[in-house]
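Peer 1: Whatever this is, show me its structure:
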Amino acid sequence: MKIILLTALAFMIGSIPTGLLIAKSRGIDIKKSGSGNIGATNVLRTTGRLPALLTLLGDILKGALAVLIARYFEVGMFYEGLIGICSILGHNFSLFLKFKGGKGVATSIGVLCIYSPKTALITIIIWLMIVLITRYSSLGALISFGALPVSIILLDTKDKLPIAFLITLILFIRHIDNVSRMLKGTESKIGGKT
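Peer 2: Predicted coordinates:
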């Protein structure tokens, strides 16, 4: 029962549409602006740097908070990760947006910051490097999270691999459209127009 309640709570925390709320406070409907995504990248394109930073931090906090709550209730390593994944799913399929949402990159980072801090750092570094070189946020996410299972093997315990694979799988599924646009050459770059 405790696990069920914590997974439901994590999903609700993840469902909070940070980007939408922050953009709305600036008079912008983020779902009708730019790419229509509620994440920090689209907030940056449509609303500016400070709102994007606040969105990024808010979405990271959702994932981190879910794992911290799970850890407080001593549910064990596997369930900590599973509850963290529920916050990612909440972000991606928000209760407040008719089960639509973002890509889950920042919330996934938040989960990793508590669940596996060393791999979180490596994931962030790889993402930043790819984005700085290509200016494609989506490509940075795909490559950095594609490397996540390897990071887990090298820097953490292999017992966390199932959670790492699930996080990577969810992120890849959410980026199918981005991959299609990159192949067509129509994917928007950071700092570019959508």
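
Peer 1: What distance do you get for Leu89 to Gly102?
Peer 2: 11 Å (C-beta to C-beta, to the nearest Å). C-betas here are computed from N, CA, C, even on glycine.

Peer 1: and if you look at Cys86?
Peer 2: Taken as C-beta to C-beta, the span from Cys86 to Gly102 is 15 Å.

Peer 1: Between the two, which has more neighbouring residues?
Peer 2: Neighbours were counted for Cys86 and for Gly102 using other C-beta atoms under 10 Å; Gly102 has more, 28 against 23.

Peer 1: The more buried one and Leu20: what is the separation?
Peer 2: Taking C-beta to C-beta, one finds Gly102 at 9 Å from Leu20.

Peer 1: Overlap in contacts, these two.
Peer 2: Ile38 (C-beta atoms under 8 Å, 6 or more residues apart in numbering).

Peer 1: Surely Leu89 is in a helix?
Peer 2: Yes - residue state for Leu89 (DSSP: H, G, I helix; E, B strand; the rest coil) corresponds to a helix.

Peer 1: Go ahead and confirm it touches Ile170.
Peer 2: Yes - Leu89 is within contact range of Ile170, at 7.1 Å (criterion: C-beta atoms under 8 Å).

Peer 1: which residues do these two both contact?
Peer 2: Contacts common to Leu89 and Ile170, judged by C-beta under 8 Å, 6+ apart, are Gly104.

Peer 1: Give me the contacts around the longest helix along the chain.
Peer 2: In the chain, assigned by DSSP state H, the helix with the most residues is helix 49-72. By C-beta under 8 Å, 6+ apart, the residues outside helix 49-72 that reach it are 6, 9-10, 13-14, 16, 18-19, 22-23, 26, 39-41, 43-44, 79-81, 83-84, 86-88, 90-91, 102, 106-115.

Peer 1: repeat for stretch 90-102
Peer 2: Taking C-beta under 8 Å, 6+ apart as the rule, stretch 90-102 contacts 10-17, 19-20, 31, 37-39, 59, 62-63, 103-104, 107, 170, 174.

Peer 1: from the middle of its chain, how far away would it be?
Peer 2: 12 Å (C-alpha atoms, centre = their mean, to the nearest Å).

Peer 1: What's the mean pLDDT across that stretch?
Peer 2: When pLDDT is averaged over stretch 90-102, the result is 94.

Peer 1: mind listing what's buried in that stretch?
Peer 2: Gly90, His91, Asn92, Phe93, Ser94, Gly101, Gly102 (16 or more other C-beta atoms under 10 Å).

Peer 1: Not counting the helix or strand of the chain with the lowest mean pLDDT itself, show me its contacts.
Peer 2: In the chain, no helix or strand scores lower on mean pLDDT, DSSP states H and E than helix 40-47, which sits at a mean of 89. By C-beta under 8 Å, 6+ apart, the residues outside helix 40-47 that reach it are 19, 22-23, 26, 28, 30, 33-36, 51-53, 55-56, 59, 106, 137, 188, 190, 192-194.
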